[in-house]
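Colleague: Build me a structure from this.
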Amino acid sequence: MRRRSLIAVTALVLGLAACGSDTAGADKDTLKVGVSPVPHGEILKYVSENLAAAQGLKIEIVEFNDYIQPNVALSEKQLDANYFQHIPYLEEEVASKGYKFTPLTPVHIEPLGVYSKTVKAIADVPAGGVVGIPNDPSNSGRALNLLAKNGLITLKDGVGVKATEKDITANPKNLQFKALEAAQLPRSLEDTAISVINGNYAIETGLKPATDALALETGDDNPYANLVVVRTGEESDARVVKLEKLLHSAEVKKFIQDKYQGSVLAAF
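Modeller: Numbers count the residues shown, from 1 in each chain. Predicted coordinates:
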């Protein structure tokens, strides 16, 4: 189990801030949304500063530097929504913690990538090399699938996103896998031959997925699109409906394309 402590929370108040920890007392036009700083926070900040006022919406952004606390905070009604996760991760969280959450429409994809400080091409990964992968089940399966697609390992037929190391049927280079919290993977590059890193953490640490990755997911039939999640029954909240409309606008698609240059892909 990953540590549950909040590494950092930074509130960027864009509009009127809510009073207290429960959003029930918040301004009726203000939506409090928990995000990963990059790219989710950047995308939401663009919406808040450029699009929200015309819809009568105020957004309070709360940044989290881990994948655990945004769902805890949503469950405890400290947030109205969060925007940091994909469906496979959400399904794990719901199954293990019993959250009553509903995902909305996909917004963007952060392609998972293979990175290295020493290896220049996938074919050059050394025999016995250490491979860093995320330690949460949905992203570890995702990492193994990316490695399999690039010929480093072979997986059992049909395991899909639920692949684990036990599903590896061929490992010709005898690679050694090291599972780490996703946020720690960029720092693992000093100690691994390659590491498979989530797009948001790659970007946060100065890596450019579109140019620095030795291998990168595509957006085609990609089940890992990130989206807004709310408590079940609150999908029709007028503020949520307004946010969804804005996040899926032509303006946001252009912002994603212009700012991230292929390192983040619009999913709509």
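
Colleague: Quick check: the gap between Lys32 and Asp237.
Modeller: The gap separating Lys32 from Asp237 is 12 Å, by Cβ to Cβ, to the nearest Å. Just so you know, the C-beta spots here come from the backbone N, C-alpha and C atoms, and that holds for glycine as well.

Colleague: Have a look at those two and say which one is more surrounded.
Modeller: In this view Lys32 and Asp237 are compared by other Cβ atoms under 10 Å, and Lys32 has more residues nearby, 26 against 15.

Colleague: who does the helix or strand hosting that one pair up with?
Modeller: Secondary structure assignment for Lys32, by DSSP states H and E: strand 30-35. Paired strands of strand 30-35, with direction, are strand 58-64 (parallel), strand 81-86 (parallel) (DSSP bridges).

Colleague: So Asp237 is in contact with Val228, correct?
Modeller: No: with contact defined as Cβ atoms under 8 Å, Asp237 and Val228 do not form a contacting pair (11.2 Å).

Colleague: which residues of the stretch 101-250 of the chain fall in strands?
Modeller: With DSSP state E, counting those that start in this stretch applied, the stretch 101-250 of the chain shows strands at 101-109, 113-115, 130-134, 154-155, 168-170, 176-180, 194-197, 215-216, 226-231, listed in chain order.

Colleague: who touches both of Lys32 and Asp237?
Modeller: Residues touching both Lys32 and Asp237 by Cβ atoms under 8 Å, 6 or more residues apart in numbering: Asp80.

Colleague: one step back: with distance to Lys178 as added columns, please give the strands paired with strand 30-35 in TSV.
Modeller: Compiled in TSV, those are given as follows (distance: least, Cβ to Cβ, whole Å):
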stretch	distance to Lys178
strand 58-64	24
strand 81-86	23
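
Colleague: deepest of the strands of the stretch 101-250 of the chain, which one?
Modeller: Mean neighbours per residue, mean count of other Cβ atoms under 10 Å, is largest over these for strand 194-197, with a mean of 29.

Colleague: Let me see the mean pLDDT of it.
Modeller: Strand 194-197 carries an average pLDDT of 98.

Colleague: what lines up beside it in the sheet?
Modeller: Counting by DSSP bridges, strand 194-197 is paired with strand 113-115 (antiparallel), strand 130-134 (parallel).

Colleague: Now find how far off-centre that strand is within its chain.
Modeller: 15 Å (Cα atoms, centre = their mean, to the nearest Å).

Colleague: ok, back up a step: output the strands of the stretch 101-250 of the chain as CSV; include the columns distance to Asn82.
Modeller: Below are the strands of the stretch 101-250 of the chain laid out as CSV (distance: least, Cβ to Cβ, whole Å):
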stretch, distance to Asn82
strand 101-109, 9
strand 113-115, 24
strand 130-134, 19
strand 154-155, 31
strand 168-170, 33
strand 176-180, 23
strand 194-197, 21
strand 215-216, 26
strand 226-231, 5
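
Colleague: right, and the ones you listed - which one's nearest Ile68?
Modeller: Taking Cβ to Cβ, strand 130-134 is the member of the strands of the stretch 101-250 of the chain nearest to Ile68, at 13.1 Å.

Colleague: which residues are contacting that closest one?
Modeller: Residues outside strand 130-134 that contact it (Cβ under 8 Å, 6+ apart): 125, 139-140, 142-144, 147, 152, 175-182, 185, 188-189, 191-198.

Colleague: Could you pick out the longest helix of the chain?
Modeller: If you go by DSSP state H, the chain has its longest helix at helix 137-149.

Colleague: Check which helix or strand Ile43 maps to.
Modeller: Here Ile43, judged by DSSP H and E, is contained in helix 42-50.

Colleague: helices and strands around that helix, which ones?
Modeller: Applying 3 or more Cβ pairs under 8 Å, 6 or more residues apart in numbering; DSSP states H and E, one finds that helix 42-50 makes contact with strand 9-14, strand 58-64, helix 238-247, helix 250-260.

Colleague: Alright, that wraps it up for me.
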